[in-house]
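**Q** Next comes the sequence, and after it the predicted model I'd like to discuss.
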Amino acid sequence: MKPEIKSEYKLLPTITKRWSTRTYNSKEISDYDLNSLFEAARWAASCFNEQPWRFIVAKRGTPIFDKIVNTLVPFNQEWAKNASALSLNIVKTTFAKNGNHNAHAEHDLGLALGNLTNEATAKNINLHHMAGLDQAKAHVDFNLGDDLKVLTAMAIGYAKTDEELTEEEKKAEFEVQTRSPLKNLFL
C-alpha cells in the first residue's frame, strides 16, 4: 500500500493519503460516486461566485471516453485508458454577468479540483491530474466556444492493489513523494 506522506504538521488524511496512480484496475465507478466528486467541485469558492469550471466526463467503454483519450499525449494515453472515467477540465474565460475577461477562472478551477480531489481521496477513489494533453485538439474535437479553455485532463478510478501490481509498477507507485521545504514557500 502506498505510504502516507510525512508532513511537518498534522494534516487531514485526504491530503496525506492522496497520490496520483498510473495503475488503474478494471473496477467501474458508480454514477453516484462519480457525480459526488463533481458535486464537491460545485461547492468550491469562486470569484463573484461565477463557478467558471466546466467538465466533459465519460466512463470507460464509451465513445466520449475514447475521444478524451485521443486528446492525451501518447505517454498518458497508455495508462489513462485503463481508468474508470476521464475528465477534461475546462474554464469559462468570461464573466456571465458582463462578458468581461475572468482573470481568476483558472484559479477557481484549481479550487474546484481541490475539493474534488479531497472528496475522491475520502472515498478511496484515485485521481491523476494531467497537463499532458493537446488542448487545441480537445477544443476542436469537442467543438468548444471561444470563451471556453481546456486546461487539464483527469483520470478517475481505483488503483491496483499491491497484489495486482507488477514489480515495475511497484517501483513507480511506491516512489517516495517529496516537496520543497515549507520555508521555501514564503518570500
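**A** Done, it's in.

**Q** packing partners for the biggest helix by length in the chain?
**A** For the chain, the helix with the greatest residue count under DSSP state H is helix 105-122. Packed against helix 105-122 by the contact rule (3 or more CB pairs under 8 Å, 6 or more residues apart in numbering; DSSP states H and E) you find helix 13-16, helix 31-42, strand 53-59, strand 85-92, strand 126-130, strand 148-157. The C-beta positions use only the backbone N, C-alpha and C, and glycine is treated the same way.

**Q** Let me know the angle separating that helix from strand 148-157.
**A** Here helix 105-122 runs at an angle of 10 degrees relative to strand 148-157 (axes from the mean of the first three to the mean of the last three CA atoms, to 10 degrees).

**Q** If we go by neighbour counts, what in helix 105-122 is buried?
**A** 105-106, 108-113, 115-121 (16 or more other CB atoms under 10 Å).

**Q** what's in contact with the helix or strand bottoming out on mean pLDDT in the chain?
**A** Here the helix or strand of the chain ranked lowest by mean pLDDT, DSSP states H and E is helix 167-173, holding a mean of 76. For helix 167-173, contacts defined as CB atoms under 8 Å, 6 or more residues apart in numbering pick out 2, 19, 21-23, 159-160, 162, 165.

**Q** got the end-to-end distance for stretch 51-66?
**A** Start and end residues of stretch 51-66 are separated by 27 Å (CA to CA, to the nearest Å).

**Q** buried sites along that stretch?
**A** 51-60, 65.

**Q** Any chance of those residues in JSON lines with distance to D31 and pLDDT as columns?
**A** Below are the buried residues of stretch 51-66 laid out as JSON lines (distance: CB to CB, whole Å; pLDDT from 0 to 100):
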{"residue": "Q51", "distance to D31": "22", "pLDDT": "97"}
{"residue": "P52", "distance to D31": "25", "pLDDT": "98"}
{"residue": "W53", "distance to D31": "20", "pLDDT": "98"}
{"residue": "R54", "distance to D31": "19", "pLDDT": "98"}
{"residue": "F55", "distance to D31": "15", "pLDDT": "98"}
{"residue": "I56", "distance to D31": "16", "pLDDT": "98"}
{"residue": "V57", "distance to D31": "11", "pLDDT": "98"}
{"residue": "A58", "distance to D31": "12", "pLDDT": "98"}
{"residue": "K59", "distance to D31": "8", "pLDDT": "98"}
{"residue": "R60", "distance to D31": "13", "pLDDT": "98"}
{"residue": "F65", "distance to D31": "14", "pLDDT": "98"}
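
**Q** out of the residues you listed, which one sits closest to D141?
**A** For these, the closest approach to D141 (CB to CB) belongs to I56, at 9.8 Å.

**Q** thought T161 was touching N25?
**A** Yes - checked against CB atoms under 8 Å, the pair T161 and N25 is within contact range at 7.2 Å.
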